[in-house]
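# Quick one: sequence and predicted model below, then my questions.
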Amino acid sequence: THTHTHHILCRHSLSSPAQLRAKLYVFTAGAWVERGIGLFSINQRTDTPTSSRVVMRQDKSQRLVLNAPIWSGLAPEKVTDKSVRLMAINYAVEGGEVPAAQVFLVKVDAKHTGSLFSQLKLCTERCAPTSTPAPAPA
């Protein structure tokens, strides 16, 4: 079993990020496509704020389905009582695809949506002073 926190925070360490169970969708070809269910994390580094990221791994397989830098264009938006929409450049792409900005929907338990939105907005303002996202780590 996993131990889950009941809130999500910008963390100062990548070794133990705050995590929140979520379902992730990407908007592609005019429809929402599920990317997976798993733990959604906001990882923030105080030493290099431009390397802050949103990350999600699928349950069981731990396959990386989202690995995106936090940038000013993230534009988080609370769209329902259970979901937050954001614009991200996902470096967890498969097949050698070149990552491009895409719209993602993060669905969480209704009691966590406000906190998720607030923390994404705060991280966007604090972590991403420029409009260009940082590249994925090598």
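In hand now; what should we look at? Residues are numbered from 1 along each chain as shown.

# CA atoms for contacts and neighbours, from now on please.
OK.

# can you map out the strands along the chain?
19-28, 31-43, 53-58, 64-69, 77-80, 83-89, 101-107 (DSSP state E).

# Taking the centroid of this structure, which residue is nearest it?
Nearest to the mean C-alpha position of the chain, by CA atoms, centre = their mean, lies V54 at 3.2 Å.

# Can you get me a residue count around the closest residue to that one other than its chain neighbours?
Counting by CA to CA, 6 or more residues apart in numbering, V54 lies nearest to I42, which is 4.6 Å off, once chain neighbours are set aside. If you count neighbours by other CA atoms under 10 Å, I42 ends up with 26.

# Just to check, I42 is in contact with R53?
Yes - assessed by CA atoms under 8 Å, I42 is found in contact with R53 at 6.0 Å.

# quick revisit: list the contacts of the residue nearest to the centre of the chain.
F40, S41, I42, N43, L66, N67, A68, P69, I70 (CA atoms under 8 Å, 6 or more residues apart in numbering).

# next one: L120
I42, P76.

# so how far is G96 from it?
According to CA to CA, to the nearest Å, L120 and G96 sit 28 Å apart.

# okay, the residue nearest to V54: pLDDT?
I42 carries a pLDDT value of 88.

# sorry, back to before: overlap in contacts, I42 and R53.
With CA under 8 Å, 6+ apart, I42 and R53 have no common neighbours.

# give me the number of residues near the closest residue to T113 other than its chain neighbours?
Leaving aside its sequence neighbours, T113 sits nearest to K82 (CA to CA, 6+ apart; 5.7 Å). Using other CA under 10 Å, K82 has 17 neighbouring residues.

# hang on, isn't K82 packed against L116?
No - counting by CA under 8 Å, K82 does not reach L116; the two are 10.1 Å apart.

# Perfect, that will be all.
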